[in-house]
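Asks: quick one: sequence and predicted model below, then my questions.
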Amino acid sequence: MTLDPTALPADLAAAAAEVEAYLATWLDRRPLPENLRSAIAHVLLGGGKRVRPYLTLRACAAVGGDAKRAMAAAAAMEMVHTFSLVHDDLPAMDDAPLRRGRPTLHVRDSEAMALLAGDALLSLAFELLADRIDSGELSGSLCGELAAATNDMIAGQVYDTLPDFPPDTPPMARLETIHRNKTGALIRCACRMGAICGDASADSLASITAYAEAVGLMFQVVDDLLDVTQTTEQLGKVADRDADHGKLTYPALIGLEASRAEINRQAQTALDALAPLGPPGDPLRRLCGWLAVRTR
Ligand code: IPE
Ligand code: IPE
Ligand code: MG
Ligand code: MG
Ligand code: MG
C-alpha cells in the first residue's frame, strides 16, 4: 500500500464526529449549571481537528485492539486538551481573542467562566474515565497516564510563560523542553492511552510511545511555523502572535527552512518507530504525513 503523505486521513472527519457525539452525550447526562454547560459546549463541541482522540482510537487499533474500547479515553483526552486551550488563551497567558474560529471563552463570557469551565473540563475528563471504563485496573492506569501527562503539560506552560531555566541552558534545550512538555506530553498520552486500551504488548507500547514523542514535538514545530505563515482566517486563531509575545519558537530560533527540516526529521523518526506494527499502523502513518504538512 502506498501512502499519500499530504492527504488528510479519510477517516478523520468520521472519527471526529463520533467523538463529538460521545462528548455531547456525556455532557448532557451530567448535571451542571446551565451557564457552565453552555460555556463548556462552546469550547468543546464544534471546531477542533480532534487529532488527539483520533490518535487514541487509531493507536488502539494499531496494537490489535478494538477502537471502541478506547472511545472513553479518546473523549477524556479531548476534554483535557480543550481545558489546556481555554486556559492558554486567558489574558494572563497568551491573551487570545479567537479559538477554533470562535471568540475565546473569556471574551464570550468572562474570565471567571473561562477559569471555571477549564477546571470543569479537567475534572470531567477523570470523572468520565472513572465512570465509563468497566475494569478498575484499566481505569486506574488511564487516570495515571492522563494525570501525569497533564502535569507535564502544565510544566510546559510554565516553561513557556514563566521560564526559570538555569542561565547556562542553551536556547535549543529550552525550546525542546518547552515543546515536549506543553504539547508533546498530551500527544504522547493520547497514543499511549489508546495502546493501553488495546492491551498492547510491551514492545508495541514502546513503538507507539516513540512514534508519539516524535509526532508530539513535530506538532508544536508545525504550530510555530503556521503562526508565521498562515492567516487568522485559515487558522481560526489569531496568526502572527508568537513574536509579539516574545515566545521562544522554532522559526524564531532557527528560521523557516531549518524548522521545516526539523519537521521532516521528526516525521521520519515517527514513521521508523511504527515499522514493527505493520499495516495496522497505516492510519497513524497517514496522520503523521498530514500533520507534517497541515495548514491549520
Ligand atoms: C493547538 O492544538 C494547541 C497546541 C498544542 C499547539 P490543535 O492545533 O490540535 O488545536 P485544535 O484542537 O485543532 O483546535
Ligand atoms: C499551546 O501552545 C500549548 C497548550 C495549549 C498547552 P500555543 O500557545 O502555541 O498554542 P496556540 O498557538 O495558542 O494554539
Ligand atoms: Mg501558549
Ligand atoms: Mg496560545
Ligand atoms: Mg501556537
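Replies: Looks like it came in fine. Ligands and ions are numbered 1, 2, ... in the order given.
Asks: what is the neighbour count of T25?
Replies: Counted with other CB atoms under 10 Å, residues neighbouring T25 total 11. Just so you know, the C-beta spots here come from the backbone N, C-alpha and C atoms, and that holds for glycine as well.
Asks: nope, R102 is what I was after
Replies: R102, neighbours per other CB under 10 Å, totals 16.
Asks: mind checking the SS state of the nearest residue to it once chain neighbours are set aside?
Replies: Closest residue in space to R102, ignoring its immediate chain neighbours: G47 at 6.4 Å, by CB to CB, 6 or more residues apart in numbering. With DSSP: H, G, I helix; E, B strand; the rest coil as the basis, the three-state label of G47 is coil.
Asks: do I have it right that G47 meets R100?
Replies: Yes: the pair G47 / R100 is scored as a contact, 3.0 Å apart, by CB atoms under 8 Å.
Asks: intersection of neighbour lists for these two?
Replies: With contacts defined as CB atoms under 8 Å, 6 or more residues apart in numbering, the residues shared by G47 and R100 are G236.
Asks: the two: who's more crowded?
Replies: R100 (17 against 14).
Asks: check what pLDDT the more buried one gets.
Replies: On the pLDDT scale, R100 is placed at 97.
Asks: okay, strands next: where are they in the chain?
Replies: Listed in chain order, the strands of the chain (DSSP state E) span 98-99, 102-103.
Asks: nearest to ligand 3, of these?
Replies: Checking the strands of the chain against ligand 3 by CB to the ion gives strand 98-99 as the closest, at 11.4 Å.
Asks: helices or strands up against that closest one?
Replies: Packed against strand 98-99, as judged by 3 or more CB pairs under 8 Å, 6 or more residues apart in numbering; DSSP states H and E, are no other helices or strands.
Asks: parallel or antiparallel, list what pairs with that strand.
Replies: Applying DSSP bridges to the sheet, strand 98-99 is found paired with strand 102-103 (antiparallel).
Asks: give me the distance from the partner strand to the chain's centre.
Replies: Between the centre of strand 102-103 and the centre of its chain there are 19 Å (CA atoms, centre = their mean, to the nearest Å).
Asks: just stretch 255-268 next, same as before
Replies: The answer for stretch 255-268 is 20 Å, by CA atoms, centre = their mean.
Asks: let's test this: mean pLDDT of it, rounded?
Replies: On average, stretch 255-268 scores 98.
Asks: how many neighbours does A173 have?
Replies: A173, neighbours per other CB under 10 Å, totals 12.
Asks: so how far is L248 from it?
Replies: Distance of A173 to L248, computed by CB to CB, to the nearest Å: 11 Å.
Asks: residue numbers of the stretch 1-150 of the chain in contact with ligand 2?
Replies: Residues of the stretch 1-150 of the chain found near ligand 2 (CB under 6 Å from any ligand atom) are 84-85, 88, 94, 96.
Asks: give me that answer again for 5 Å
Replies: 84, 88 (CB under 5 Å from any ligand atom).
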